[in-house]
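J.: Structure for the following, please:
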Amino acid sequence: MNEGASERVLVVDGNAVNRLLTQSLLEASGYPADVAIDGPHAVELMIGRRYGLVIVGASEPGPAGFEAAWQIRALGGKAEKLPILALSPIEATKMPAGLLDGHVLLPFDAADLISRVADRLGRPTLDRPARPPADETPPLVDTAQIGRLAGKMPVDKLRALFASYRDGHDARLARIEALLVARDLAGLEREAHDIKSTAGTFGTPRLGLLARCLERSCKVGDLEAAKTSLGAIRAAAEETWPLFERAVEAALRRPAEPTHPSAPALR
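T.: All right, here's what the predicted structure looks like:
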């Protein structure tokens with residue numbers, strides 16, 4: 001790896017939508033970012049380029065969920081001390097001790113993520129906002145969250161990102177239908193987990209709640225409950241997408257926030 005300080009960030013995530021979103025937010029905030037789909041890909045990139053921070057998407061507790069982080073640490077040398085943040089729905093108490101340097105809970109707030117990145121890379125930032133308390137019955141669409149995302153990157157990237165999320169969700173539901181027919185509960189659980197992990201970040205919290213119900217049904221082996229949850233997700237999606245598209249268009253018409261102001265206030 002090259003010598004010298006770096007603000008370049010490496011994003012390692014098997015979830016394509018999360019990978020694209022994280023990279024786009026970083027670059028819009030002035031941080032150059034590369035992406036890797038898994039640990040071996042990350043190791044390959046790190047051999048030829050120096051990074052100041054690694055963000056690892058971890059979807060499950062235990063060693064398997066953090067395989068990429070373990071593989072990076074195994075490089076030795078500077079990689080043993082390289083800051084690694086986990087981007088994960090897993091609570092910090094379930095993270096492997098001593099492996100990571102921080103944790104951003106999914107679904108994440110864009111300003112919170114960038115503030116944590118700045119903390120690690122030594123760049124002064126504005127105060128990070130407090131996360132609002134969770135509502136027991138979340139709305140179909142969180143317009144405030146969509147607006148926060150819309151204020152962080154160029155319009156063309158945002159349109160592509162939101163379209164990728166919508167199309168990816170529809171494709172995932174089609175895969176879930178096939179997995180139900182095959183009675184593949186493990187596969188169903190993985191797909192439900194991916195919906196849960198991205199829904200809140202993209203401002204569709206009701207879909208996230210219903211995906212959590214589907215995930216739990218799969219964990220206990222209840223195929224009938226899983227079918228019921230899938231029906232609820234489909235019905236909610238039909239209501240969600242028209243509202244989602246209107247909220248996205250309204251957010252994109254607003255002036256974008258400055259991505260990296262010249263003189264940010266120190267915390």
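J.: just the helices in the stretch 101-250 of the chain please.
T.: Remark: helices assigned in the stretch 101-250 of the chain by DSSP state H, counting those that start in this stretch are 110-121, 143-150, 155-182, 185-199, 205-219, 223-252.
J.: in a strand, that's where D34 is, yeah?
T.: Yes. Counting by DSSP: H, G, I helix; E, B strand; the rest coil, D34 is located in a strand.
J.: And it, what's its pLDDT?
T.: Note on D34: pLDDT of 93.
J.: which stretches of the stretch 1-150 of the chain form strands?
T.: For the stretch 1-150 of the chain, the strands defined by DSSP state E, counting those that start in this stretch cover 9-12, 33-36, 53-57, 84-88, 102-105.
J.: Can you tell me which of these is nearest to K219?
T.: For K219, the closest of the strands of the stretch 1-150 of the chain is strand 84-88, at 17.4 Å, according to C-beta to C-beta. C-beta coordinates here come from the backbone N, C-alpha and C atoms, glycine included.
J.: Identify the residues contacting that closest one?
T.: Strand 84-88 has contacts (C-beta atoms under 8 Å, 6 or more residues apart in numbering) with 13, 18, 22, 53-59, 65-66, 69, 72-73, 95, 99-106, 108, 113, 116-117, 120.
J.: Quick check on these: which are buried?
T.: For the contacts of strand 84-88, a burial check counting by 16 or more other C-beta atoms under 10 Å picks out 13, 18, 22, 53-59, 65-66, 69, 72-73, 95, 99-106, 108, 113, 116-117, 120.
J.: Where do the domain boundaries of this structure fall?
T.: For the chain, automatic domain parsing gives the domain ranges 9-121, 143-252.
J.: Now the weakest link among those, please, by mean pLDDT.
T.: domain 9-121 (a mean of 85).
J.: what's the span of that domain from first residue to last?
T.: End-to-end distance for domain 9-121, by C-alpha to C-alpha, to the nearest Å: 9 Å.
J.: Check stretch 99-116 too.
T.: 17 Å.
J.: what residues are up against the residue nearest to M153 when sequence neighbours are not counted?
T.: Distances taken as C-beta to C-beta, 6 or more residues apart in numbering put A28 closest to M153, at 3.7 Å, once the chain neighbours are dropped. By C-beta under 8 Å, 6+ apart, the contact set of A28 is 152-154, 157, 259.
J.: Determine which two of those residues are furthest apart.
T.: Within the contacts of A28, two members stand farthest from each other by C-beta to C-beta: K157 and T259, at 11.5 Å.
J.: and stretch 218-228, C-alpha only, in PDB?
T.: C-alpha atoms of stretch 218-228 as PDB (Å, rounded to 0.1, in the frame of the first residue of the first chain):
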ATOM      1  CA  CYS A 218     -38.600 -17.700   8.500                       C
ATOM      2  CA  LYS A 219     -36.400 -17.900  11.600                       C
ATOM      3  CA  VAL A 220     -39.000 -20.000  13.400                       C
ATOM      4  CA  GLY A 221     -39.900 -22.100  10.300                       C
ATOM      5  CA  ASP A 222     -43.500 -20.900   9.900                       C
ATOM      6  CA  LEU A 223     -44.100 -21.000   6.200                       C
ATOM      7  CA  GLU A 224     -47.800 -20.000   6.500                       C
ATOM      8  CA  ALA A 225     -46.900 -16.900   8.400                       C
ATOM      9  CA  ALA A 226     -44.200 -16.200   5.800                       C
ATOM     10  CA  LYS A 227     -46.900 -16.300   3.100                       C
ATOM     11  CA  THR A 228     -49.100 -13.900   5.000                       C
END
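J.: What are the buried residues along it?
T.: Of the residues in stretch 218-228, 218, 226 count as buried by neighbour count, 16+ other C-beta under 10 Å.
J.: Other residues contacting it?
T.: For stretch 218-228, contacts defined as C-beta under 8 Å, 6+ apart pick out 180, 183, 185-186, 188-189, 192, 213-214, 217.
J.: Out of the residues you listed, which two sit at the greatest distance?
T.: Pairwise distances across the contacts of stretch 218-228 (C-beta to C-beta) peak at 18.5 Å, for the pair R183 and C213.
J.: the more surrounded of the two?
T.: Neighbour totals were compared for R183 and C213, and C213 leads with 18 against 10 (other C-beta atoms under 10 Å).
J.: Perfect, I'm done here.
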